[in-house]
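K.L.:
Requesting a structural model of the entry that follows:
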Amino acid sequence: MARRPRASTERLDSSDALSCTTSARKYYRAMKSRWALAGVLVVALTLMGCRSAIYSAYEKVGVYKRDLLKKRVIAARNEEKAAGEQFKDALTRLRELYGSQGTALEKTYNHLKGEYDDAVSRAEAVHKRVRDMETVANDLFIEWEKEIGQISSTAMQSSSRQQLRQTRDRYEDMHSALKRAERSMDPVLVKLRDHVLYLKHNLNAQAIASLKGESAAIQNDIARLIDDMNQSIQKADSFIKEMEAQK
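P.N.:
Residues are numbered from 1 along each chain as shown. All right, here's what the predicted structure looks like:
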């Protein structure tokens, strides 16, 4: 029997977050202050129901939570790679700015401002991808644990539980590295923003000279951030390979 095409999964993937978010926003707008807690519960239940419908739709085309987790890990890894490149570009622009003089200052500043804005967007995308990954991982492990209890064979239960434990341990190792890199982005962005805002109104050689100490510090911070990102990307690559090897 011919397999059903997977193209439909891409349509599901592009629309699932939108449909959930739209539903949540409708409930959120309807909230009043005295009904805030009830509203939050309604939103949570709505999203849970929405995810269940999405998972069911995926399963009908042969895509299960395990497949979705791999997909989300790849998406988070790729987004982090892009963010790492963006922070490298910001670092390059920062170094150029502190080596510029005269009329080149404004042009170089504008380049730095653009790189900062792009870095903010990339960081937001990483945060979203990580949340998506965490949601699927949590749902997968809950489902897996529940279904182990439905297995009548003690030997099969034991084997499945061991595989769950190993998968969860590998995931947590990868997740910890990814969260460490994710948390490192925001302090760097704050320092970059400080430089951009200060120089916006003090774009002259004297101001540049006064910030050289701060510049050295933020360059070191960006370098450490990129190292953290590279380590988490390696962990993600290993996790993806291990998932593929288990098929």
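
K.L.:
helix or strand for the closest residue to Gly149 other than its chain neighbours, which one?
P.N.:
Ranked by C-beta to C-beta, 6 or more residues apart in numbering and with sequence neighbours excluded, the top spatial neighbour of Gly149 is Gln157, at 7.8 Å. All C-beta atoms are positioned from the backbone trio N, CA, C, and that covers glycine. Using DSSP states H and E, Gln157 sits within helix 154-201.

K.L.:
do the same with Arg131
P.N.:
Element membership for Arg131 (DSSP H and E) is helix 104-148.

K.L.:
Okay, angle between that helix and helix 154-201 too, please.
P.N.:
Between helix 104-148 and helix 154-201, the angle comes out at 160 degrees (axes from the mean of the first three to the mean of the last three C-alpha atoms, to 10 degrees).

K.L.:
Distance from stretch 217-230 to the middle of the chain?
P.N.:
Distance, stretch centre to chain centre, for stretch 217-230: 18 Å (C-alpha atoms, centre = their mean, to the nearest Å).

K.L.:
what's in contact with it?
P.N.:
80-81, 83-84, 87-88, 90-91, 94-95, 177, 180-181, 184-185, 187-188, 191-192, 195 (C-beta atoms under 8 Å, 6 or more residues apart in numbering).

K.L.:
if we go to 10 Å?
P.N.:
77, 80-81, 83-85, 87-88, 90-92, 94-95, 98, 119, 126, 177-178, 180-185, 187-192, 194-195, 211 (C-beta atoms under 10 Å, 6 or more residues apart in numbering).

K.L.:
what is the rounded mean pLDDT of that stretch?
P.N.:
Averaging pLDDT along stretch 217-230 gives 91.

K.L.:
Give the buried residues for it.
P.N.:
The neighbour-count check on stretch 217-230 (16 or more other C-beta atoms under 10 Å) flags Ile218, Asp221, Ile222, Leu225, Ile226, Asp228, Met229 as buried.

K.L.:
ok, now how distant is Leu94 from Gln150?
P.N.:
According to C-beta to C-beta, to the nearest Å, Leu94 and Gln150 sit 56 Å apart.

K.L.:
The two: who's more crowded?
P.N.:
Leu94 (23 against 7; other C-beta atoms under 10 Å).

K.L.:
from memory that one sits against Ala119, does it?
P.N.:
No - using C-beta atoms under 10 Å, Leu94 makes no contact with Ala119, being 11.0 Å away.

K.L.:
if we can go back for a sec, just the pLDDT for the residue nearest to Gly149.
P.N.:
pLDDT recorded at Gln157 is 95.

K.L.:
For it, give me its contacts.
P.N.:
Contacts for Gln157 were tallied using C-beta under 10 Å, 6+ apart; they are Ile148, Gly149, Gln150, Ile151.
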